[in-house]
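Enquirer: using only what follows, build the 3D model:
(chains A, B, C and D)
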There are 2 protein chains.
Amino acid sequence: MLEAKGVKPTANRLVILRTLQESGRPLTMAELEDRIDSIDKSGIFRTLALFQQHHMLHAIDDGCNGVRYELCHATGAMDDDRHVHFHCESCHRTFCLENIPVPQVILPDGYNAESVNYMVKGICPECMKHGK
Amino acid sequence: MLEAKGVKPTANRLVILRTLQESGRPLTMAELEDRIDSIDKSGIFRTLALFQQHHMLHAIDDGCNGVRYELCHATGAMDDDRHVHFHCESCHRTFCLENIPVPQVILPDGYNAESVNYMVKGICPECMKHGK
DNA sequence: GAATATTTGCAACCGGGTTGCAATAGCTAT
DNA sequence: ATAGCTATTGCAACCCGGTTGCAAATATTC
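Expert: Modelled structure (predicted):
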């Protein structure tokens, strides 16, 4: 498995990885918890931390429902899948707008950027259509 | 006072407003709490909520140390001081880059934007200079 | 000045996140 | 196989920011 990228593939870890890649969108720890009731909070937490250290996923935050974790599909290099995220205020889901890259800005002198987060909030197409 | 914009100017509210405008940058509730020890958490919380309802301040979130509150200096209209924010990962302060507007993106069909948040993380000039 | 409405402090609660610890599961080298 | 070590896991407890109920204090109205 992809696990050959640095982490020992235990049962738990496989389940968590699976769950993440099945839901095509970033999940909170809470969301993971109730999708997987065989594993304890702490287990999920530690696994996510582990995955992060090994650059398998990265965290984004719509400051609404806590941090969300998303698998890195940045092929080779650093975690450079910098795309815009959209958080629906109706269904409270967060989507990756993969093909919309984050526009860059020029910072004032002295500021050293390390990461950027472009977060749009509003209503998603699905919620827009039926029922507000 | 500016309070004539909809809220009754009680002692507490004045103190909180003062504190906000003195520190030129967005503060967390926690930061407010220990700058003002005369007022209880809940008081600060309720006051901030009130201010928000009356469009006197708006919340931004570097998903690091919780939500931060910043006075609206959008003169007339809606809360449209949409500028970039910078969060220093060393001193954990958050700055408003007032003169850098958030670049707009074109969303896919169906997505309805309501608010945008452009958050840069890195090292601020001050921390950059002396000691990492 | 009594009756009513608003604001406040306190204490308790809530939920996401985090850690200590002891039980378990995996490995290693006899 | 087996004793001995390490890594992983579950559980329970904890921490902390945010939030609410309630009763005391304050302001407002008549």
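Enquirer: in the helix or strand hosting A:Glu33, what counts as buried?
Expert: Using DSSP states H and E, A:Glu33 maps to helix A:29-35. Neighbour counts over helix A:29-35 (16 or more other CB atoms under 10 Å in any protein chain shown) mark A:Glu31, A:Leu32, A:Glu33, A:Arg35 as buried. From N, CA and C alone the C-beta is placed, and that goes for glycine too.
Enquirer: chain A against chain B: which residues are in contact?
Expert: Chain A comes close to chain B at residues A:59-63, A:66-67, A:84, A:86, A:89, A:97, A:100, A:103, A:105-125, A:128-129, as judged by CB under 8 Å from any CB of the partner chain.
Enquirer: tell me which of those residues fall in helices.
Expert: Applying DSSP state H to the residues of chain A next to chain B, the entries found in helices are A:Pro125, A:Met128, A:Lys129.
Enquirer: quick one: the residue lying closest to A:Gly110 once chain neighbours are set aside from DNA strand C, how far?
Expert: Counting by CB to CB, 6 or more residues apart in numbering or on different chains, A:Gly110 lies nearest to B:Pro125, which is 2.8 Å off, once chain neighbours are set aside. Per CB to the nearest atom of the strand, to the nearest Å, B:Pro125 is found 28 Å from DNA strand C.
Enquirer: tell me the confidence at B:Pro125?
Expert: Reading off the confidence values, B:Pro125 has pLDDT 95.
Enquirer: residues near it, how many?
Expert: B:Pro125 has 15 neighbouring residues, counting by other CB atoms under 10 Å in any protein chain shown.
Enquirer: and which of the buried residues of helix A:29-35 is nearest B:His54?
Expert: Nearest to B:His54 among the buried residues of helix A:29-35: A:Glu31, at 34.1 Å, using CB to CB.
Enquirer: OK, contacts around that closest one?
Expert: Applying CB atoms under 8 Å, 6 or more residues apart in numbering or on different chains to A:Glu31 gives the contacts A:Ser23.
Enquirer: dump the top strand by length along chain A to PDB, restricted to CA.
Expert: Counting residues, the longest strand found in chain A (DSSP state E) is strand A:112-123. The C-alpha trace of strand A:112-123 is given here as PDB (Å, rounded to 0.1, in the frame of the first residue of the first chain):
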ATOM      1  CA  ASN A 112       7.900  35.900   5.500                       C
ATOM      2  CA  ALA A 113       5.000  33.800   4.300                       C
ATOM      3  CA  GLU A 114       5.000  30.100   5.000                       C
ATOM      4  CA  SER A 115       1.500  29.000   4.200                       C
ATOM      5  CA  VAL A 116      -1.600  30.600   2.800                       C
ATOM      6  CA  ASN A 117      -5.200  29.800   3.300                       C
ATOM      7  CA  TYR A 118      -8.000  31.100   1.100                       C
ATOM      8  CA  MET A 119     -11.400  30.300   2.500                       C
ATOM      9  CA  VAL A 120     -14.700  31.300   0.900                       C
ATOM     10  CA  LYS A 121     -18.000  30.900   2.800                       C
ATOM     11  CA  GLY A 122     -21.400  30.900   1.400                       C
ATOM     12  CA  ILE A 123     -24.000  28.500   0.000                       C
END
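Enquirer: so what does A:Ser23 look like in phi/psi?
Expert: phi -70, psi 120 (degrees, to the nearest 10).
Enquirer: one step back: of the ones in helices among the residues of chain A next to chain B, which is the nearest to chain B?
Expert: Distance to chain B, by CB to the nearest CB, is smallest for A:Pro125 among these, at 2.9 Å.
Enquirer: pretty sure the closest one contacts A:Phe95?
Expert: No. At 9.5 Å, A:Pro125 does not count as touching A:Phe95 under the criterion of CB atoms under 8 Å.
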